[in-house]
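**Student:** Here you go, sequence then predicted model.
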Amino acid sequence: LITAQPTNYFLSFIIKPNGVAENWENILHFTTGGNGNEPGQKRPAVWFHPYTTKIVVVTDDDSSDSSNTNRLDLSYGLNQQQEHLVEVHVFGSKFSPYIN
């Protein structure tokens, strides 16, 4: 639980998908508590879509709700058994994800 989240940050990690799952699979999720659409509940959050290696990256700020949360849905799946670099740059309300 993080009680005071920064509004400007850079997050980077390497992921290697080993397969797919039936449900949304959480890769990482920083939150002030909860998993809904309240401010601070997805700062950021990264998941795999069900049955694929496609990922979604979501981030919010103190004024966000479900209607204006920053979101990127990757249109292609990540290669299984291969490492991929994921970066998320957030500067206030500006959101810049990168996936290689």
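**Tutor:** Great, that's in hand.
**Student:** And the pLDDT for T53?
**Tutor:** The per-residue pLDDT reported for T53 equals 94.
**Student:** Report the buried residues of the lowest-mean-pLDDT helix or strand in the chain.
**Tutor:** The helix or strand of the chain with the lowest confidence, counting by mean pLDDT, DSSP states H and E, is strand 70-73 at a mean of 76. Residues N70, L72 are the ones in strand 70-73 that count as buried (16 or more other CB atoms under 10 Å). From N, CA and C alone the C-beta is placed, and that goes for glycine too.
**Student:** what's the next secondary structure element after that strand?
**Tutor:** strand 84-91 (DSSP states H and E).
**Student:** Give me the contact list for that following strand.
**Tutor:** 7-17, 44, 46, 55, 57, 59, 70, 78, 95-100 (CB atoms under 8 Å, 6 or more residues apart in numbering).
**Student:** Select only the buried ones of those residues in PyMOL?
**Tutor:** The buried subset of those, as determined by 16+ other CB under 10 Å, is captured in PyMOL by this line:
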select buried, resi 11+15+17+44+46+55+57+59+70+78+95+97+99
